[in-house]
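J.: sequence and computational prediction follow.
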Amino acid sequence: MKKLLIASALTLSAISTGAFAQDDSRARAASAGSPGDPGSVSRTIEITMVENRFKPSEIKVKQGETVKLVLRNAGKKKHEIMIDTAEEIDRHGKMMKKFPDREHPDEPNMITVKPGETRELVWLFTEAGVVDFACPLPGHFKGMNFKGMKGTIEVEAK
Ligand SMILES: [Cu+2]
């Protein structure tokens, strides 16, 4: 019952804000989660970055899991990964488009991976539902409605 209420609240807020549209109808998690403790990692997932996609782009984890994402850039260009709500990724992507040369330092939910480099991001998935990720660099990501350098993490309820 609690889950149903959360799902309908999410649907309502998505309709009322109307700020973005999803390319799939699965319920989004209320929160993308929080930075994970490297000492609590229970699952490691390898993701390869190329121009311009993530492989794999669909991942499944469980609620409460601390996951180490190992990101290998096998492409020729710099790539980034940002884990967040679709709305935040969209907002950030628009900002990157306005200021394409702006370098930003790593953040807990966002890292830059240079060609040939492999880096890690540890994340704790606290809420059930779909969490989004994307490379917000201009041209790599064209908004949540488009294909390109983005993917989803399905967080299964405990
Ligand atoms: Cu990219």
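T.: Here it is on my side, so go on.

J.: and the residue nearest in space to the middle of the chain, how far from Gly93?
T.: Nearest to the geometric centre of the chain sits Phe133, at 1.7 Å (CA atoms, centre = their mean). Separation of Phe133 from Gly93 (CB to CB, to the nearest Å) stands at 12 Å. Placement of C-beta: from N, CA and C, glycine included.

J.: on that earlier part again, where does the residue nearest to the centre of the chain sit, in terms of helix or strand?
T.: strand 129-134 (DSSP states H and E).

J.: residue contacts, the residue nearest to the centre of the chain?
T.: Counting by CB atoms under 8 Å, 6 or more residues apart in numbering, Phe133 makes contact with 54, 81-84, 89, 150-153.

J.: spell out which residues of the chain are next to the ion.
T.: Applying CB under 5 Å from the ion, we find that the chain lies next to the ion at 79, 135, 137, 140, 149.

J.: in CSV, list those along with secondary structure.
T.: Shown next, in CSV, are those (DSSP: H, G, I helix; E, B strand; the rest coil):
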residue, secondary structure
His79, strand
Cys135, coil
Leu137, coil
His140, coil
Met149, coil
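
J.: Pro100 contacts Pro138, doesn't it?
T.: Yes. Pro100 is in contact with Pro138 according to CB atoms under 8 Å; the separation is 4.9 Å.

J.: got the contact list for Pro56?
T.: Pro56 makes contact with 47, 151 under the criterion CB under 8 Å, 6+ apart.

J.: still on that earlier bit, of Pro100 and Pro138, who's got more company?
T.: Taking neighbours as other CB atoms under 10 Å, Pro100 and Pro138 compare with Pro138 leading, 14 against 9.

J.: so who does that one touch?
T.: 93, 96-97, 100.

J.: also Val131?
T.: Residues near Val131 by CB under 8 Å, 6+ apart: 28-29, 32-33, 83-85, 125, 152-153, 155.
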